[in-house]
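In: A predicted structure for the sequence below; I have some questions about it.
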Amino acid sequence: MSVKNLQLAQSVDKNLSKLPTGIRTKIISSFDKIIQNPVSGIKLHGELKNYYKFRVGDCRIIYSFDAKQSLIQIVKIEHRQGVYK
(Lines give C-alpha, C1' and ligand atoms only; values in the text may rest on other atoms or scores of the structure.)
Protein backbone atom coordinates (compact mmCIF):
# COMPACT_ATOMS: atom_id res chain seq x y z
CA MET A 1 0.00 0.00 0.00
CA SER A 2 1.54 3.23 -1.16
CA VAL A 3 0.60 6.76 -0.09
CA LYS A 4 0.11 9.70 -2.44
CA ASN A 5 0.76 12.67 -0.11
CA LEU A 6 3.43 13.45 2.46
CA GLN A 7 3.25 16.58 4.63
CA LEU A 8 5.95 17.95 6.90
CA ALA A 9 5.03 20.18 9.81
CA GLN A 10 6.83 23.53 9.73
CA SER A 11 8.77 22.66 12.90
CA VAL A 12 9.91 19.40 11.29
CA ASP A 13 11.31 21.23 8.30
CA LYS A 14 13.18 23.56 10.65
CA ASN A 15 14.58 20.71 12.80
CA LEU A 16 15.55 18.72 9.72
CA SER A 17 17.69 21.56 8.42
CA LYS A 18 19.59 21.69 11.74
CA LEU A 19 20.62 18.01 11.64
CA PRO A 20 24.02 16.87 10.35
CA THR A 21 24.08 16.06 6.64
CA GLY A 22 24.57 12.29 7.07
CA ILE A 23 21.59 11.90 9.40
CA ARG A 24 19.47 14.25 7.29
CA THR A 25 20.15 12.12 4.21
CA LYS A 26 19.14 8.92 6.05
CA ILE A 27 15.94 10.53 7.31
CA ILE A 28 14.95 11.81 3.87
CA SER A 29 15.58 8.39 2.34
CA SER A 30 13.47 6.80 5.09
CA PHE A 31 10.52 8.94 3.93
CA ASP A 32 10.40 6.70 0.83
CA LYS A 33 10.15 3.61 3.04
CA ILE A 34 7.33 5.18 5.04
CA ILE A 35 5.49 6.19 1.86
CA GLN A 36 5.75 2.65 0.46
CA ASN A 37 4.47 1.05 3.67
CA PRO A 38 2.95 3.55 6.14
CA VAL A 39 2.31 0.95 8.83
CA SER A 40 5.96 -0.18 8.82
CA GLY A 41 6.51 2.07 11.83
CA ILE A 42 5.59 1.04 15.35
CA LYS A 43 2.18 2.17 16.63
CA LEU A 44 2.52 4.36 19.72
CA HIS A 45 0.45 4.19 22.91
CA GLY A 46 -0.92 6.62 25.48
CA GLU A 47 -1.24 10.25 24.47
CA LEU A 48 0.38 9.48 21.11
CA LYS A 49 -1.90 6.54 20.29
CA ASN A 50 -2.84 7.92 16.85
CA TYR A 51 0.79 8.13 15.74
CA TYR A 52 3.57 5.84 14.54
CA LYS A 53 7.30 6.02 15.11
CA PHE A 54 10.02 5.13 12.64
CA ARG A 55 13.57 4.66 13.88
CA VAL A 56 16.50 6.16 12.00
CA GLY A 57 19.64 5.65 14.09
CA ASP A 58 19.19 7.67 17.29
CA CYS A 59 16.46 9.83 15.73
CA ARG A 60 12.76 9.09 15.65
CA ILE A 61 10.22 10.14 13.04
CA ILE A 62 6.75 10.58 14.53
CA TYR A 63 3.96 10.55 11.97
CA SER A 64 0.26 9.99 11.49
CA PHE A 65 -1.32 8.07 8.66
CA ASP A 66 -4.77 8.65 7.15
CA ALA A 67 -5.72 5.84 4.77
CA LYS A 68 -8.89 7.56 3.54
CA GLN A 69 -7.01 10.64 2.33
CA SER A 70 -3.85 8.67 1.46
CA LEU A 71 -1.86 11.12 3.59
CA ILE A 72 1.12 10.88 5.92
CA GLN A 73 1.83 13.81 8.22
CA ILE A 74 5.30 13.97 9.74
CA VAL A 75 4.79 15.80 13.03
CA LYS A 76 8.17 15.46 14.74
CA ILE A 77 11.75 14.44 14.07
CA GLU A 78 14.08 14.51 17.07
CA HIS A 79 16.65 12.54 19.02
CA ARG A 80 15.14 9.57 20.83
CA GLN A 81 15.64 11.11 24.28
CA GLY A 82 13.39 14.12 23.71
CA VAL A 83 10.97 13.11 21.02
CA TYR A 84 8.15 11.84 23.26
CA LYS A 85 7.99 14.89 25.55
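Out: Thanks, I have the structure now.

In: residues near the closest residue in space to Tyr52 that isn't next to it in sequence, how many?
Out: Distances taken as Cβ to Cβ, 6 or more residues apart in numbering put Gly41 closest to Tyr52, at 3.5 Å, once the chain neighbours are dropped. The way it works is simple: take the backbone N, C-alpha and C, and place the C-beta from them, glycine included. Neighbour count for Gly41, taken as other Cβ atoms under 10 Å: 21.

In: Against Ile77, how distant is Gly41?
Out: In this view, Gly41 and Ile77 are 13 Å apart by Cβ to Cβ, to the nearest Å.

In: list the contacts for the spatially most central residue of the chain?
Out: For the chain, the residue nearest the mean C-alpha position is Ile61 (3.2 Å; Cα atoms, centre = their mean). Ile61 makes contacts with Ile27, Ser30, Ile34, Gly41, Lys53, Phe54, Arg55, Ile74, Lys76, Ile77, as judged by Cβ atoms under 8 Å, 6 or more residues apart in numbering.

In: filter those residues to the buried ones?
Out: Buried by 16 or more other Cβ atoms under 10 Å: Ile27, Ser30, Ile34, Gly41, Lys53, Phe54, Ile74, Lys76, Ile77, out of the contacts of Ile61.

In: Pop out the phi and psi values for the residue nearest to Ser11 when sequence neighbours are not counted.
Out: Counting by Cβ to Cβ, 6+ apart, Ser11 lies nearest to Lys76, which is 7.4 Å off, once chain neighbours are set aside. Lys76 adopts backbone torsions of phi -160, psi 140, taken as degrees, to the nearest 10.

In: pretty sure Lys76 is touching Tyr84, no?
Out: No: between Lys76 and Tyr84 there is no contact under Cβ atoms under 8 Å: 9.0 Å.

In: where does Val39 fall, helix, sheet strand or coil?
Out: State at Val39, reduced to three classes by DSSP: H, G, I helix; E, B strand; the rest coil: helix.
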